[in-house]
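Here you go, sequence then predicted model.
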Amino acid sequence: MAEALVRDLRAELDEGGLRGSFLVRDLRSGAELGIDPDREYPMASLVKVPLAAATLERIRRGELDAATQLEVAPGRVTTPGPTGLTRFHHPARVALGDLLYLSTSLSDGTAADVLFGLTPPAEVTRMLGEWGLGGIAVRHLLRDLVETPAERFDPGEADLAHALAIGASTAGRGHRLPQLDVTRANSASARALLSLLQALWTPSKIDRSVAGGVRELMANNLIRHRLTPDFASDAARWSSKTGTLLNLRHEMGVVEHADGGVFAVVALTESRVPAVLQPEAEVLMARVARALRDKVRGG
C-alpha cells in the first residue's frame, strides 16, 4: 500500500512539473517513507542549519562569544527574495548571537556569510563529520546564490534565468551553473538532511544545548508559506528552514504533536516550469509531504 502511495505521489509531482527527494520519519519509532530520498540536490539556504549548529558548538566551546559585535557591510541586493542585512544599504554592527537569528530564522544570506567568515564551509563540513553526519557537503558562501543569471536579467526576463536553470543540467547531476551542480554546490540528499534533523531533535553526539539552540532558531523561522500550512496547528509545533534558488524549492523541518508524536520532514524539489512565482508548486510539495507523513503516522 505504501508503494502505491509513493507511485501516485510521484505521478502527481510529475504532472505538476516537479521532481523531488522527500523523506518523512517518525523520530520515536524510526518508521519512514520517502520518494527518491537519496537523490542529491543543491541545498540553497538549507545550509544555514548546519552553519548554525557549527557556530553554536564553537560558542559552547568558548572559541566564539555570542556577544561579540561585528561590523557587517551592506548586502546591496535589489532582486526580490533576500531579507535582513542582505537588503541593507549602510554598514551595521550586530552581535554574533543576533547574526545567528538573522541567518537561520530570517534566512539572511549576508548574516550567514559573516558567520562563515568565522567558521568557513570546510570547517562546517568537518564538524558535521565529527557528529557522524555524512552526505552534507558545505562548499561555498551564500553570496554565490545571488550571483546567478537571475541577477543579470531584467526583472521582466526572470523566466529566462529559470529556463536556463531547467535546461542546463546534465544526466550526472552536473550543471552549467555551479550553484546548481551537486559536485560544486552546497549539496545533500533528503536522507542526509533528515539525519541532521534526527541528531538535533534526539541529540547524542551533538551537545544538547547546541541542538536546543538550533531547534529554537528553526521554531522562529519567519518564512512559513511552503510546508507550514500543512504541518502547523494549535496542536502541533512546526520548526523548519526553507531553501530557494532559481527552480529549486526546499524545506526541512520537524512537527511535534501535542499527543507526543514527532515527525521529521524533508522536501527537496526542482521545477520544470520557467516561472519565478509558482504557488501551485508550493501547495503540491506540501501536499506530498503531508501525505507521506500521514501514511507514516497511520502505520
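Here it is on my side, so go on.

So, low pLDDT: which residues of the stretch 101-250 of the chain?
Applying pLDDT under 70 to the stretch 101-250 of the chain flags residues 145-176.

how does it look with 90?
Within the stretch 101-250 of the chain, the segments meeting pLDDT under 90 span 110, 142-184, 245-247.

ranges for the strands of it?
136-137, 187-189, 236-245, 248-257 (DSSP state E, counting those that start in this stretch).

buried sites along the third one?
When you say that, I think you mean strand 236-245. Buried residues in strand 236-245, counted by 16 or more other Cβ atoms under 10 Å: 237-245. Bear in mind the C-beta positions are built from the backbone N, C-alpha and C, glycine included.

do the second one as well
Of all the residues in strand 187-189, those buried under the rule 16+ other Cβ under 10 Å are 187-189.

Direction included, what does it pair against?
Counting by DSSP bridges, the strands paired with strand 187-189 are strand 40-42 (antiparallel), strand 136-137 (antiparallel).

Rebuild these as JSON lines, extending it with mean neighbour count and distance to residue 22.
Below are the strands paired with strand 187-189 laid out as JSON lines (neighbours: other Cβ atoms under 10 Å; distance: least, Cβ to Cβ, whole Å):
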{"stretch": "strand 40-42", "mean neighbour count": "25", "distance to residue 22": "11"}
{"stretch": "strand 136-137", "mean neighbour count": "22", "distance to residue 22": "17"}
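
Looking at those strands, spot the one closest to residue 292.
strand 40-42 (17.0 Å; Cβ to Cβ).

Other residues contacting the closest one?
Outside strand 40-42, the residues within contact range by Cβ atoms under 8 Å, 6 or more residues apart in numbering are 21, 173, 179-182, 185-189, 245, 248, 250, 268, 270.

Following it in sequence, what is the next regular element?
helix 48-61 (DSSP states H and E).

Please name every helix or strand in contact with that next one.
When contacts are defined as 3 or more Cβ pairs under 8 Å, 6 or more residues apart in numbering; DSSP states H and E, helix 48-61 packs onto helix 96-105, helix 109-118, helix 121-130, helix 190-201, helix 208-219.

Switch those over to TSV; also include mean neighbour count and distance to residue 256.
Listed next are the helices and strands packed on helix 48-61 as TSV, based on neighbours: other Cβ under 10 Å; distance: least, Cβ to Cβ, whole Å:
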stretch	mean neighbour count	distance to residue 256
helix 96-105	22	17
helix 109-118	23	26
helix 121-130	16	24
helix 190-201	23	8
helix 208-219	18	9
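
Throw those into a markdown table and include distance to residue 138, thanks.
What follows is those, written out as a markdown table (distance: least, Cβ to Cβ, whole Å):
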| stretch | distance to residue 138 |
| --- | --- |
| helix 96-105 | 14 |
| helix 109-118 | 9 |
| helix 121-130 | 4 |
| helix 190-201 | 11 |
| helix 208-219 | 15 |
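
Could you point out which of those helices sits nearest residue 36?
helix 190-201 (7.8 Å).

quick one, the closest one and strand 248-257 angle?
If you take axes from the mean of the first three to the mean of the last three Cα atoms, to 10 degrees, helix 190-201 sits at 40 degrees to strand 248-257.
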